[in-house]
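Novice: Can you look at this prediction? I've put the sequence above it.
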Amino acid sequence: MFSRVHKPASSTTLKAIQLSGWLLSAACLVNGAAWANLGASPLVIEAQANRGQVKAVLNVINSGDTLLRARVYTEPFTYSRDRGFQTIPSDSSYLGSYIQFSPRELIVPPRSSRRVRMVAQLAPSLANGEYRAVIFTEALNEATDTIGRKVGIITRVGTTVYVRKGDTAPNLVVDRASFNAKQKHLELFVKNIGNASVRPMVRWSLKQANKVFWSGELAPTAIIALGDRNLALAVSEKDPSPLLPGNYQLSGQLLWGEDNAQTVPFSVDFIVPAK
């Protein structure tokens, strides 16, 4: 199907953001179970369709000492308000029906990697907007523990893919803030009323009567198009005690894009009630 590795032209904006190894499904290690050495890169792909088409390359990595058999496939996914990433049965923005892989199943020698080429061809009848899927790379070898016993573990790594057709953009609105006394963190509720997903980082500070109590940063966190998230802002480990009852102000910026060029400032008041 493919005669060469595609290098996207400037007319097809393709950003492959490699993150530091979050596994999206069942645990890889149970008593030292095998196939914790499965990896994939990149773990996030964002692309603007050019004439309805996007091409990309997924690298399947075997960092172990044993031959790895693997396959790739897609599922619908979302980011829920509180639980974060999760696969779902269906989604009107599901991209998987338009993706082809070459190869779909592969063998990766020890301490090496192999490329899987992906083509997403959107139907002309599709409305403008964002289409997405998670590509799972799953080990087909039977997992074993340290003494060779078979264990019923499915090991897979997920790459989230966002393909945009036509004009799309995120539009973030900070709705409210609160303090979760049980989890001992601040919560910032953010809505994305735009038609493109986004991964903003948060720079924030907490004040009372212009006195700064805490400040910090939250690493980029996905907020799905037309979705919302409760962003957990960790307080200082040096002062993990609950806030005293009173009025507080949480302010800062949401930042994303190249060099964090896109920003949304926010300032929200909230009350910590008396027990």
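Specialist: Happy to help now that I have it.
Novice: wait, what's in contact with Met201?
Specialist: Listed by Cβ atoms under 8 Å, 6 or more residues apart in numbering, the contact set of Met201 reads Glu217, Leu218, Ala219, Pro220, Thr221, Leu254, Leu255, Trp256, Asn260. (C-beta placed from N, C-alpha, C; glycine too.)
Novice: one more time with 6 Å, if that's ok
Specialist: Contacts for Met201 were tallied using Cβ atoms under 6 Å, 6 or more residues apart in numbering; they are Pro220, Leu255.
Novice: measure it to Tyr131 for me?
Specialist: Distance of Met201 to Tyr131, given as Cβ to Cβ, to the nearest Å: 25 Å.
Novice: same question, Gly227
Specialist: For Gly227 relative to Tyr131 (Cβ to Cβ), the value is 15 Å.
Novice: In a helix, Pro220, correct?
Specialist: No. Using DSSP: H, G, I helix; E, B strand; the rest coil, the assignment for Pro220 is coil, not a helix.
Novice: Pick out whichever of Gly227 and Tyr131 has more residues nearby.
Specialist: Higher neighbour count among Gly227 and Tyr131: Tyr131, with 25 against 16, using other Cβ atoms under 10 Å.
Novice: mind showing which ranges of the protein have poor pLDDT?
Specialist: 1-36, 142-153, 236-242 (pLDDT under 70).
Novice: How about Ala123: what's its closest non-neighbour residue?
Specialist: Tyr98 (6.9 Å; Cβ to Cβ, 6 or more residues apart in numbering).
Novice: burial count for that neighbour?
Specialist: 20.
Novice: I figured it hits Pro124, correct?
Specialist: No. Using Cβ atoms under 6 Å, Tyr98 makes no contact with Pro124, being 11.4 Å away.
Novice: what's Thr87 in contact with, if anything?
Specialist: Here Thr87 is in contact with Glu75, Phe77 (Cβ under 6 Å, 6+ apart).
Novice: in the sheet, who's paired with it?
Specialist: Phe77 (DSSP bridges).
Novice: Next one: it from Arg114, what distance?
Specialist: 25 Å.
Novice: This structure: helices as residue ranges?
Specialist: Using DSSP state H, no helices are assigned anywhere in the chain.
Novice: per the record, what domains does this protein have?
Specialist: Here the domain parsing of the chain from automatic domain parsing is 14-165, 172-272.
Novice: Number of residues surrounding the residue lying closest to Ala120 once chain neighbours are set aside?
Specialist: Among residues not flanking Ala120 along the chain, Val54 sits closest, at 4.5 Å (Cβ to Cβ, 6+ apart). Val54 has 30 neighbours, counted by other Cβ under 10 Å.
Novice: quick one: the closest residue to Ser63 other than its chain neighbours from Ile107, how far?
Specialist: The shortest distance from Ser63 to any non-neighbouring residue, by Cβ to Cβ, 6+ apart, is to Asn37 (4.3 Å). Using Cβ to Cβ, Asn37 is found at 14 Å from Ile107.
Novice: More neighbours: which of these two?
Specialist: Neighbours were counted for Asn37 and for Ile107 using other Cβ under 10 Å; Asn37 has more, 18 against 13.
Novice: does the residue nearest to Ala120 really touch Lys165, like I thought?
Specialist: No. Val54 lies out of contact with Lys165 (Cβ under 6 Å); the separation is 9.5 Å.
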